[in-house]
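A.B. asks: I'd like to go over a predicted model; first the sequence, then the structure.
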Amino acid sequence: MAKSIQMEELTLGVCYYPEHWPEELWEDDFRRMRELNISVIRMAEFAWAMLEPEEGVYDFSFFTRVMDLAHSYGLKVILGTPTATPPAWLTHKYPEVLNAHQNGELIKHGMRRHYNYSSSKYRELCERIVRNMVNAYKDHPAVIGWQIDNEFNCEKNVFYAEADHAAFRVWLKEKYGTLDNLNKAWGTVFWSQTYTAWEQLHLSQTESPNPHLALDEKRFISDNVISFARLQANIIRELAPQHWVTTNGLFGHLDSHELTDELLDFFSYDSYPQFSTIFPGQDEKPLMDRGWSMSLSNVRSISPNFCVMEQQAGPGGWVDRIEMGSPRPGQIRLWSYQSVLHGTDLLVYFRWRTATFGTEIYWHGINDYHNRPNRRVREVAQVGGEFAKIGAAIAGTQYQADVAIMQDYDNNWDAEMDKWHGPLQWQSKGSWYKQLQYRHIPADVITLRPNTSLEDLTQYKVIVYPHPAIMTDDTAELLTRYVEQGGKLFFGARTGYKDPSGQCYMRPFPGPVAELCGITVEDFTLVKGSIRAAELQWEGRLSSGTQAVGFNEVLHVENPEVKVAAEYATEYYQGEPALTRRPLGKGEVWYYGAAYSEPVVDAILDELGLTSPIADWVDVPADVELGIRASENASYAFLLNYSDQSVTIQVKQRAVDLLTGETLENEVEMPAYGVIILALQ
Amino acid sequence: MAKSIQMEELTLGVCYYPEHWPEELWEDDFRRMRELNISVIRMAEFAWAMLEPEEGVYDFSFFTRVMDLAHSYGLKVILGTPTATPPAWLTHKYPEVLNAHQNGELIKHGMRRHYNYSSSKYRELCERIVRNMVNAYKDHPAVIGWQIDNEFNCEKNVFYAEADHAAFRVWLKEKYGTLDNLNKAWGTVFWSQTYTAWEQLHLSQTESPNPHLALDEKRFISDNVISFARLQANIIRELAPQHWVTTNGLFGHLDSHELTDELLDFFSYDSYPQFSTIFPGQDEKPLMDRGWSMSLSNVRSISPNFCVMEQQAGPGGWVDRIEMGSPRPGQIRLWSYQSVLHGTDLLVYFRWRTATFGTEIYWHGINDYHNRPNRRVREVAQVGGEFAKIGAAIAGTQYQADVAIMQDYDNNWDAEMDKWHGPLQWQSKGSWYKQLQYRHIPADVITLRPNTSLEDLTQYKVIVYPHPAIMTDDTAELLTRYVEQGGKLFFGARTGYKDPSGQCYMRPFPGPVAELCGITVEDFTLVKGSIRAAELQWEGRLSSGTQAVGFNEVLHVENPEVKVAAEYATEYYQGEPALTRRPLGKGEVWYYGAAYSEPVVDAILDELGLTSPIADWVDVPADVELGIRASENASYAFLLNYSDQSVTIQVKQRAVDLLTGETLENEVEMPAYGVIILALQ
Amino acid sequence: MAKSIQMEELTLGVCYYPEHWPEELWEDDFRRMRELNISVIRMAEFAWAMLEPEEGVYDFSFFTRVMDLAHSYGLKVILGTPTATPPAWLTHKYPEVLNAHQNGELIKHGMRRHYNYSSSKYRELCERIVRNMVNAYKDHPAVIGWQIDNEFNCEKNVFYAEADHAAFRVWLKEKYGTLDNLNKAWGTVFWSQTYTAWEQLHLSQTESPNPHLALDEKRFISDNVISFARLQANIIRELAPQHWVTTNGLFGHLDSHELTDELLDFFSYDSYPQFSTIFPGQDEKPLMDRGWSMSLSNVRSISPNFCVMEQQAGPGGWVDRIEMGSPRPGQIRLWSYQSVLHGTDLLVYFRWRTATFGTEIYWHGINDYHNRPNRRVREVAQVGGEFAKIGAAIAGTQYQADVAIMQDYDNNWDAEMDKWHGPLQWQSKGSWYKQLQYRHIPADVITLRPNTSLEDLTQYKVIVYPHPAIMTDDTAELLTRYVEQGGKLFFGARTGYKDPSGQCYMRPFPGPVAELCGITVEDFTLVKGSIRAAELQWEGRLSSGTQAVGFNEVLHVENPEVKVAAEYATEYYQGEPALTRRPLGKGEVWYYGAAYSEPVVDAILDELGLTSPIADWVDVPADVELGIRASENASYAFLLNYSDQSVTIQVKQRAVDLLTGETLENEVEMPAYGVIILALQ
């Protein structure tokens, strides 16, 4: 079902922009790529102005020349369609293709993604350049696949051009049929917002729009991206059926699962863990670069094996923002294996050489401006050598996990605007992921979708679905069956009080899952401003300092099977249940009336007795990520040391490090940023 | 003179939105309201789209049906005119009715108060809906009164539509007659701003407009609101003379005193003390929810007995902002009595049941979405029972105070822009109010108006008028007479240096009151950035840590009667007078060359010997508010415990608690959020 | 070559706005000015609406009347052309003259500098008012010179009106000739930005524009200001060749050196050291008001002797911002001598009397609103008396310095947008200037320009050119010659990696000066976010706590002559060179791979053995600024005590204080804010 990339071996690639460099450099570049074991290059995704210098005038010779040379060096090529950056002549002549701010002001030419997905003129021009481009290159022997556009919804994920308002109206008509249905779904009787003609409708035009409109707006944007991408996918499928199709990046307001299912062969991701140095997080001992594993896990739920189309290969930054320092020696390699552990079989570095002009002169490639040897080139060479050695064994194996953190698009999108469950989402997912990481319990990040089946869920022993505010009875039924068959399911505060329109149910919280959980919410309060978080008491033992953060729901046990795992120990609801567990069938469902914090997750993991799946084999300190890629025949444990210090691991059963061929046992020293891949029997 | 609501007894009401609920719920709702002793409902203020679904097409049947049913349950109805939320068809067809940002960009449909008060089209449409609505309901037996629009100037209190610029020009012509007069009043010769044609004039269009224009702009907005409200008031007076007329809320750029005097029977207020949990204040031991007493005191200066049209009955918040946690058990009742103490005779909770859709799904009513019993309903039931018992005794009695904090609209409006006296205003009023509260000295908050008489002032022993930058000789004369007859008057820094245009007098500070105070200002400095506040020395005793905050004026004694109460103890003006007092006639006038801080107010109160008016009767801790409502025949002391802890009060003379009928003496325990109403003698 | 003001003696002036005051005050004002030894007044720079009340209708009688009276009191007059504040009739009739925000929205009338420099209509109207004004006043005996406009680029230094976009296109055509050249210079092949028609070009229209465009934009703005100023200068030169021409203020995006060279007789500055109380700086022991000496030094590089057209004479502030407290007694005089020390020969106070209306009612003049004697008037009177005594001796002498901090416009402008060298610039210049100040080593601030000669540089023993990211081989050659002849030259991180377009060289850092420095940069990292700054170790001695801030470049010694002055002591580049020195000819060149911090500058100054030039004569504490003005015949040491405490200086050789005539020796007490001027030899 899931759409994975199909690689025979772990493969290295690099993004390359021949249009930025004197032609005389190309050959040396290609020769050196091959020395590093790089066999794939990505190109052309920002080159519209070269391919169509004037409207209707095409010139495909440049990249043909590049690809001929690349081919002569045995390099394969991924071509990007150039629609992320319409040329100046285009936006000048057709300003209606531009995106707009919420107030209607056009977003002018000069950066990228300055267009909207709705303009019929832009769609026409995009179809034409893509058709011509695919026709021009489809038979070139170097080409293996296509990237559609570049990083959909990156930087900008809201769209307010006139064409967007019009497209939204069409989308609404299709969804609701009548204005009466729409008015009901959006509760427009509130504040006299009732619509009496379709032309009165717009995407949000105020700071605090109708929240149901705001939710539909995000659904529309996602559908609109997919509709835009489909135009291109269809052309490629028609003209170049022998090539695969993908696109890259994981950004807001886009259902990447649906996009992939409908249009792509597999999904691709752009991984820049150095962002963690700019936004290290406010929590104690934050995950930093290791946090990227959570995003990679999310990608893995789309394509178990996937491509990283851009892997950080140096410091990053635009001229005027996003100032990232240099990865430390070993980190580029570490992050490469982080991607591999989580399912990457084709890893493409961004980029070959740092651009000497433009906005991204500080988004460094492997090579510096000066093009002389440097430590980043040497580090990539090491990875290249290692891939040559281990690539065939690893390719096609998949990440193994018994625990899943579950989310869904509706709740994520609703959470953006809704301050009564949004902040809880990030708090709880982060706390769970972090504690699972530090305790070496591999976890997946999965997405509940309309077509999610019971089988999709039963592969997990534990599912954490922390704050599904929007919840239906159908989903409740699916989750009940999951628990009955043996699953352990965790909810948090604000579960189940909204319907798919984002309207609140006239039912006691947690609505559709109240019966499943065996509790109702008796009283509640946001914890914010001067409202204090209550302390928790765990089954009689005072767990001092463990607070119920974010929200406090006072639970009322409705079902005698329910056990109270923790009570509130302070505030006016002292002594009332805070965390409950109900055995059901072979499984158990937990409800927590707050947002999950790390100490609370820790206490729960203790209670569950979850540990590393290879705890008998190897003991690793918290700083080291542990994960397993396996197939039916083989199993490989990845140990990744994110610390800038060397650490000691205990190997209890002898094992071979795939990278070095050495047999490890007893105390083994891992250097700072070190990587070990143990072949498990 | 003052316009009070006339109630026979304390009365409970609730806001109710039948259009949000299935019709089958109404009867149960009305029945349960009566069980809680609720006898009034407010409705219809956001229902324009229901009343006039298409332009010129009216349908008043819905609310007739609701009111018939309400009437059958003995409920009275307050109807709101629906002009705060023009329907989508209206703003779509007539975009000129929309308000605009300062840059002229229209504020689009989607929230509320998106209209401007100036558009002749909007005024026409409003008159028409109001005339039709009043005609439709004026004879309904349930209706008792009307609320005009809703919360004038809430959220937005500036208006920059084209129609506003035009109306401003008309207002200016009327005020100034000639451009020459206007140019002089605004000092337009500065920076070459001279106007030579009326059409050159606009409301402010820049970040830092001419400050005299900015002051006139606020006066214009206030006049414009009143002019807009008058259209509706006139219609109601004409068609339904048997009903009272009010409006609700206390917001910026509106002279609510004038509005009430000219158009209303009494003023109404919306009281949400839980806002204090979001903005607790930066000071030590802030007043929190108790600070709402200051706003209620201000309302009392408009209508000694008034209506609270919206009383907080649960957590509040929009979907995307204003996240307030839940009131703690007892707080809803406490705040209800806070309103009553300060003059409320009709108290209307917001709202019956929490809306399940729209922007305000988190602005909780008494009932939760699920409509089952909860603690808020029980708490309101308690209040309802108590009102039944005490309501007749309390209704019509009025708050008693010997101390007044005085302000005026001109200075408040000028203070918004002016950083040289604005920050002092909030600092000083807050410090005085807080220390008076903590020392149980009841205080009024009064507004000096053009028609304020000596008699209005002489009812107070002490008046604090902290920083009247704008001051006239006429006012100085009135204040002089107040002091002569025995009043104690307090000024602070920056008094008296501006004329009513906001231009600075060419007179030594404090201008018109320099002679009254017997001092002039010799030197001065803002205290800001790295400029230090001087320490103070009180008549030879070093009061360490008492600083002269905000501004330091070095005073020069001009009149030998003046005594120096405190000197500066540091900075280059060490040893110079900071606080002076001048006996005059039977009274005394004080001048302080800084903003009042709490320690300074404390020292002054010690000096004045002010104490609780019933200090011989009862001793209460600082956490408890003490106030008295009295008539000629009766007197009731309210004790309100804002603390989340129980406290002990000392009753020195036996007294009966009106709420329980118990006789109290000696040590009496008040629970957290407890209320006691002592019948005095 | 340098254009200095030519004064016979130090001269006092004051800004005066007769249009703000009743005519009956003028005579008293002029009389009192003379009593204070004020002999020059500046006026009329905001009076367009008075001079041309309607389009084409002129009235020059008002200022003639003022000047006649002023002349009768022996006062000289500087006239400002009134083009900084076009009147309301003008902007109302010709909105195209207004400046616009980046999004194209016009900046409305109401403040100042609301116009753009490009509008042909505005240029026409400006030429006409200036021509008429100069004709009207050129023969008035009081007039001595002209100030063009007022504070070019103050408040707003970006311009986006339609006329600006058009003028930018013309400027680009002239600079680049062809679009192909422009496309290459801007690297437009990046992100498909290639321009194919001139009309596609605009000034920046996005948050993150092409950085090469952004650099050219600033060059264009500077050229555009000069072109606008030239219109006025030409008229004055033509009609009033006997008068001098200047303009005032040092603001962004204007090459004031070029402006002065091309159009002015000398440059003028507006000095408001009290701004330091609002923005005291984040560093330990910040320079505060003393930091203004750095700006004055910059002005001195344009005109060694210059005019301060506005010298702070009281508290400052607009009604709604920039709240500055009062200068303390002595500070106005101290700052006056600060200006004089650094080259001011004509010092004009802002302003005679505080305006009673308009935006600047808190930008206090010498006199208060009330016009009575105050301490500021007395302080100015003291300065007036002193100028009478010492003015002839000091006038025309010039500041002496052996050390220069060098900058250039291109790098300053590029640094505004570029976060990879911009922050380093301010860090390093500030650290050097501060430590030189505290160690009493007089320093110049100089600007490297296309016409800078070797002789311009060789007058300095030491030149610090901290982060010239943009660097050419020609400049490298000039600097090499400077070092060879004996200079000591200091660079910091990020030197020499960009060409004049702002494109990065394909050369090892530091590009053109790599050979000169004898090093290359092996590795590097921004120090930001969670990236740590390395510690430094100085030639074997651990200098604990000295960190390499801002950026860390790992240096590689290429030339055996190079000595390592400091190594990194931590991080993965521990032991690698951080600071190197290379002897070359008679001089030495230093390269530091980070931004200069104060401890690092301190260590370097220790190494260099630089001290006060009169260390044998006088010892002063760090709080006192020491500087020398000298001519061929005389030399005066200024000692300025910025502390609010008295300090003791040691006079080792007897010397006369020019201000008092007293002979000083041994321990001498300087009062807080005291000034001593020692006549040397």
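C.D. replies: Nice, I can see it.
A.B. asks: so where's the stretch 401-550 of chain A uncertain?
C.D. replies: A:540-544 (pLDDT under 70).
A.B. asks: just the helices in it please.
C.D. replies: For the stretch 401-550 of chain A, the helices defined by DSSP state H, counting those that start in this stretch occupy A:409-417, A:422-438, A:454-458, A:473-484, A:514-517.
A.B. asks: Show me what the second one is in contact with.
C.D. replies: In this structure, residues lying in contact with helix A:422-438 by C-beta atoms under 8 Å, 6 or more residues apart in numbering or on different chains are A:281, A:283, A:286-287, A:290-291, A:293-294, A:403, A:405, A:407, A:411-412, A:414-416, A:442-443, A:445, A:464, A:466-467, A:492-494, A:549-551, A:595-598, A:600-602, A:605, A:622, A:625. All C-beta atoms are positioned from the backbone trio N, CA, C, and that covers glycine.
A.B. asks: in that helix, what's buried?
C.D. replies: A:422-425, A:427-438 (16 or more other C-beta atoms under 10 Å in any protein chain shown).
A.B. asks: by how many degrees do that helix and helix A:409-417 diverge?
C.D. replies: Counting by axes from the mean of the first three to the mean of the last three C-alpha atoms, to 10 degrees, helix A:422-438 lies at 120 degrees to helix A:409-417.
A.B. asks: Distance from the chain centre to helix A:422-438, please.
C.D. replies: Put simply, helix A:422-438 sits 15 Å off its chain's centre (C-alpha atoms, centre = their mean, to the nearest Å).
A.B. asks: Could you check stretch A:471-486 and say which residues are buried?
C.D. replies: A:471, A:472, A:475, A:476, A:478, A:479, A:480, A:482, A:483.
A.B. asks: List the contacts of the third one.
C.D. replies: Under the criterion of C-beta under 8 Å, 6+ apart, the neighbours of residue A:475 are A:448, A:468, A:512.
A.B. asks: Now do residue A:249 against chain B, distance only.
C.D. replies: 27 Å (C-beta to the nearest C-beta, to the nearest Å).
A.B. asks: distance of that residue from residue A:255?
C.D. replies: 14 Å (C-beta to C-beta, to the nearest Å).
A.B. asks: and those two? which has more neighbours close in?
C.D. replies: Using other C-beta atoms under 10 Å in any protein chain shown as the criterion, residue A:249 and residue A:255 rank with residue A:255 on top: 24 against 21.
A.B. asks: any idea which helix or strand carries residue A:12?
C.D. replies: strand A:11-15 (DSSP states H and E).
A.B. asks: Identify the residues contacting the helix or strand following that strand?
C.D. replies: Note on strand A:11-15: by DSSP H and E, the next helix or strand toward the C-terminus is helix A:23-35. By C-beta under 8 Å, 6+ apart, the residues outside helix A:23-35 that reach it are A:14, A:16, A:18, A:21, A:39, A:41, A:65-66, A:69-70, A:72-75, A:352-353, A:371, A:381.
A.B. asks: if I pick the closest residue to residue A:662 other than its chain neighbours, what's in contact with it?
C.D. replies: Nearest residue to residue A:662, sequence neighbours excluded (C-beta to C-beta, 6 or more residues apart in numbering or on different chains): residue A:656, at 7.1 Å. Neighbouring residues of residue A:656 by C-beta under 8 Å, 6+ apart: A:662, A:663, A:664, A:678, A:679.
A.B. asks: doesn't residue A:195 make contact with residue A:169?
C.D. replies: No. In this structure, residue A:169 is not within contact of residue A:195 by C-beta atoms under 8 Å, at 10.4 Å.
A.B. asks: Between those two, point out the one with more neighbours.
C.D. replies: With neighbours defined as other C-beta under 10 Å, residue A:169 and residue A:195 compare such that residue A:195 has more, 21 against 17.
A.B. asks: Regarding the more buried one, what is its secondary structure?
C.D. replies: State at residue A:195, reduced to three classes by DSSP: H, G, I helix; E, B strand; the rest coil: coil.
A.B. asks: what does the stretch 51-200 of chain A put close to chain C?
C.D. replies: Counting by C-beta under 8 Å from any C-beta of the partner chain, the residues of the stretch 51-200 of chain A close to chain C are A:53-54, A:82, A:85-89, A:92, A:105, A:107-112, A:114.
A.B. asks: Are any of these buried, and if so which?
C.D. replies: Among those, the ones that count as buried by 16+ other C-beta under 10 Å are A:82, A:85-89, A:92, A:107-112, A:114.
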